[in-house]
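Q: Just need the structure, nothing else, for what follows:
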Amino acid sequence: MTPASRRTWRQVAVAAIVVVAFAALAIIGGTTVFFYRHIRAEFVPADTAEERIAAARTRFGSRPAFLRVDADSRPVVNGRENTGGPHEALATLRALAYDPTARKLVDISIPFWVLRLVPNGRISLDASSGIDFGAEQLHLNLSALEDLGPGVVIDQEDRGGRKVLVWTE
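A: The predicted model follows:
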C-alpha cells in the first residue's frame, strides 16, 4: 500500500468511528428523552394519589375494568364485551401506580405506535417492568385491547394498599 492509500483508509476508518459514535449518542439521547417524557414519578400523599386515580377512573364511567387479579395472583378477564363495530384507534396506554409505603405515584404514558413495534403484539407487566401488583406476570394482547377500544384495562388494589390503574385512550 502506498502512503496515500493508507492515509485514505485511516480517514475512512476515523469517519466511520465518528459516525457510529454519533449514532450511539443519538440513540441513547433519544431513549432518555422518551423515558423522561413518558414516565413520571413523584412523591405524594395518599389522598392526592387517590384523587388522581379517581379522576382517571371517572372518565370511563361505570364500565368495568377488562382484567383483574384474583386473590391467588391470577389474571381474570371480566366480562367487558367487544362492541363489534368500528371504534376509534387507540393512541396511548396509560398507567397510574401508587405505593403507599414509599408514597410514590408513577404515571406512565406509552404511545400505541411504540407498543405496535413489540414482537408478537404482547406486552408483559411484572415486577421487572416497574408495575408489580400481585400478579406473577400479566400478558396483554395488543390486538385484543384495540378490539375493545378505549377503557380501563386494570383497576387493582393489593393487600398492601398499592394501587394500579391501567387504561387505553
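
Q: Tell me which residue lies nearest the centroid of the protein.
A: The centroid of the chain falls nearest to Ile110 when counting by C-alpha atoms, centre = their mean (4.8 Å).

Q: By mean pLDDT, point me to the weakest helix or strand of the chain.
A: The weakest-scoring helix or strand in the chain, judged by mean pLDDT, DSSP states H and E, is strand 122-125 (a mean of 62).

Q: follow-up on the earlier one: quick check: phi and psi at the residue nearest to the centre of the chain.
A: phi -120, psi 120 (degrees, to the nearest 10).

Q: what packs against the lengthiest helix in the chain?
A: Scanning the chain for the helix with the most residues, using DSSP state H, yields helix 3-38. Contact analysis of helix 3-38 by 3 or more C-beta pairs under 8 Å, 6 or more residues apart in numbering; DSSP states H and E lists strand 104-111 as its packing neighbours. Placement of C-beta: from N, CA and C, glycine included.

Q: Provide a list of residues in contact with Arg162.
A: Residues touching Arg162, when contacts are defined by C-beta atoms under 8 Å, 6 or more residues apart in numbering, comprise Ala97, Tyr98, Asp99, Pro100, Phe133.
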